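J.: sequence unavailable; structure follows:
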Ligand code: HEM
């Protein structure tokens, strides 16, 4: 059972660093970037920030995924995916998949495109609005998932199962 405790510790640490970062980007960084006078400066800062954050988030996403699937296997929880009371198990996997696609497929692609073009596209204030809206949706879904996972894994299930 020690291995499950270890996996759970790694899992929660990964979630804290990763989703904590998403919340900081959504509620602190993006609103500030939108207010900056120079959109060129805001774009440059955002591009550098995103690169560093994506690198860190790739590591935490991997840790959360490996520890998560390890726990499913170790506590033999596969059948939960067939029970709607365990909606938070589905939610965890869906959030993880969404972020993995963004971090491992979409982000490297846009990065290579930006490196290739001689002049980088300056992001307008409307684009920052759009980016913030997307982050907000992902953040709210992640927070709901965390609430469901903590409550559910400690026995608070819908319909008292
Ligand atoms: C591949 C994706 C994932 C898998 C397979 C997975 C699997 C698991 C498993 C098996 C547990 C333990 C449940 C129990 O003890 O009954 C757990 C707990 C938890 N997971 Fe995930 N998870 C994944 C992704 C995520 C993500 C993306 C988040 C956050 C958005 C998350 C947040 C949590 C939290 C907060 C707990 C509760 C820890 C506790 O209170 O003890 N997980 N996860």
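T.: Arrived safely, thanks for sending. All values derive from a computational prediction rather than experimental measurement.
J.: on the three-state scheme, the residue in the chain that the ligand sits nearest to is what?
T.: Residue nearest to the ligand within the chain (CB to the nearest ligand atom): residue 68, separated by 2.5 Å. Where you see a C-beta, it was placed from the backbone N, CA and C, and this is true even at glycine. Residue 68 carries the three-state label helix when classified by DSSP: H, G, I helix; E, B strand; the rest coil.
J.: going by secondary structure, residue 144 is in what exactly?
T.: Assigned by DSSP states H and E, residue 144 belongs to helix 125-153.
J.: I'd like to know which elements that helix is packed against.
T.: In terms of contacts (3 or more CB pairs under 8 Å, 6 or more residues apart in numbering; DSSP states H and E), helix 125-153 is packed against helix 2-24, helix 30-35, helix 39-74, helix 87-101.
J.: residue 146 is in contact with residue 16, isn't it?
T.: No: counting by CB atoms under 8 Å, residue 146 sits too far from residue 16 to count as a contact (9.4 Å).
J.: about what we covered before: how about TSV for the helices and strands packed on helix 125-153, with mean pLDDT and mean neighbour count added?
T.: Formatted as TSV, the helices and strands packed on helix 125-153 follow (pLDDT from 0 to 100; neighbours: other CB atoms under 10 Å):
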stretch	mean pLDDT	mean neighbour count
helix 2-24	98	16
helix 30-35	94	14
helix 39-74	96	16
helix 87-101	98	17
